[in-house]
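[1] Task: produce atomic coordinates for the following.
(one chain, ligands or ions: 1)
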Amino acid sequence: MYELTVESSFSAAHCLEDHSSHCGRLHGHNWTVGITVTGDHLNAAGMVVDFVVLKQAIREAVAAFDHRYLNELPPFCEGVQPTAENIARQIWGAVSAKLAAYAGVTVKETRVAESPSAWVVYRP
Ligand SMILES: [Zn+2]
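    Predicted structure coming up:
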């Protein structure tokens, strides 16, 4: 099995409603996002999937959040807190949809870091 990982980043504001600490106040992060995909088979070019495809998929997924106030965006405006956990799951879904056309390629996990010392890994 092969595992391929690409990273991207976005900057955005959020606040965690009803949170008693400083996270309940409006603030921002420079999030780093990684996706890892797996596959068993190589195509004629000797790749599971081209890194160009993966980088485009992650860039498109994070573009929806970049320089935005996350609490105003679906699903975060619909009662889902804009936590790193929920952001990771959202990005997993967006990237998985973009890569659905590539047979045998599975999005194993997404990694969302709020800082160099705090991150979440989502594995469905
Ligand atoms: Zn925060």
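
[2] how near is Tyr69 to Val121?
    25 Å (CB to CB, to the nearest Å). The C-beta positions use only the backbone N, C-alpha and C, and glycine is treated the same way.

[3] let me redo that: Val107
    Distance, Val107 to Val121, by CB to CB: 12 Å.

[4] the more surrounded of those two?
    Per other CB atoms under 10 Å, whichever of Val107 and Val121 has more neighbours is Val107, with 24 against 15.

[5] Just give me how far whichever helix or strand Gly93 is part of sits from the chain centre.
    Assigned by DSSP states H and E, Gly93 falls within helix 84-98. What separates the centre of helix 84-98 from the centre of its chain is 5 Å, taken as CA atoms, centre = their mean, to the nearest Å.

[6] Given the helix or strand following that helix, what are its sheet partners and their directions?
    Using DSSP H and E, the helix or strand that follows helix 84-98 in sequence is strand 106-115. Using DSSP bridges, the strands paired with strand 106-115 are strand 27-39 (antiparallel), strand 118-122 (antiparallel).
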